[in-house]
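> Mind looking at a prediction? Sequence and model below.
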Amino acid sequence: MIENEEISWNQDQKIEKMKRDAVEMEAISLEVMRQLDRQTGQMKNISHKVNDINGNLDESNSLLNGMRRRVDRNKKIMILFAIIVIVAFLGYLMYKIILKHN
């Protein structure tokens with residue numbers, strides 16, 4: 001009889017330990033779920049920031065392309081102006097040379 005009571009008491013102790021372990025595992029699981037939820041929110045924020053950065057980079061690329069086109073246009077205008085000045089100078093020299101010979 002004492003042996004049966006001892007076995008019963010040991011089984012009760014094991015059941016109580018399993019209950020405590022189950023409560024502890026539940027608490028740990030809830031904390032893990034909270035952390036995952038928080039990290040999910042962080043990942044969403046990071047994703048939004050990356051999308052914003054990509055948008056800013058696209059806009060910057062458009063601005064740089066426009067600036068590059070204006071620089072190219074300005075170079076062409078300067079080259080044309082330099083050619084006009086050189087032709088005008090050569091024309092002036094030719095005019096002076098012709099006047100001296102006449």
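Thanks, I have it.
> element containing the residue nearest the centre of the chain?
A centroid search over the chain (CA atoms, centre = their mean) returns V50, at 3.8 Å, as the residue closest to the centre. Assigning secondary structure by DSSP states H and E places V50 in helix 2-101.
> Looking at that helix now, give me its mean pLDDT.
Helix 2-101 shows a mean pLDDT of 94.
> Tell me how far that helix lies from the chain's centre.
When distances are taken as CA atoms, centre = their mean, to the nearest Å, helix 2-101 is centred 0 Å away from the chain's centroid.
> Check which helices and strands it sits against.
If you count contacts as 3 or more CB pairs under 8 Å, 6 or more residues apart in numbering; DSSP states H and E, helix 2-101 packs onto no helix or strand. Just so you know, the C-beta spots here come from the backbone N, C-alpha and C atoms, and that holds for glycine as well.
> how close does I46 sit to D37?
15 Å (CB to CB, to the nearest Å).
> go on, G55?
Taking CB to CB, one finds G55 at 27 Å from D37.
> Over to L57?
Look at L57 and D37: by CB to CB, they are 31 Å apart.
> and M43, how far is that from A22?
Applying CB to CB, the value for M43 to A22 is 31 Å.
> again, but for E5
Counting by CB to CB - E5 and A22 are separated by 26 Å.
> same deal with K44?
33 Å.
> what's the answer for W9, then?
W9 is 20 Å from A22, by CB to CB.
> got it, and N45?
The value you get for N45 to A22, if CB to CB is used, is 35 Å.
> G66 now?
G66 sits 66 Å away from A22, going by CB to CB.
> now do I28
In terms of CB to CB, I28 sits 11 Å off from A22.
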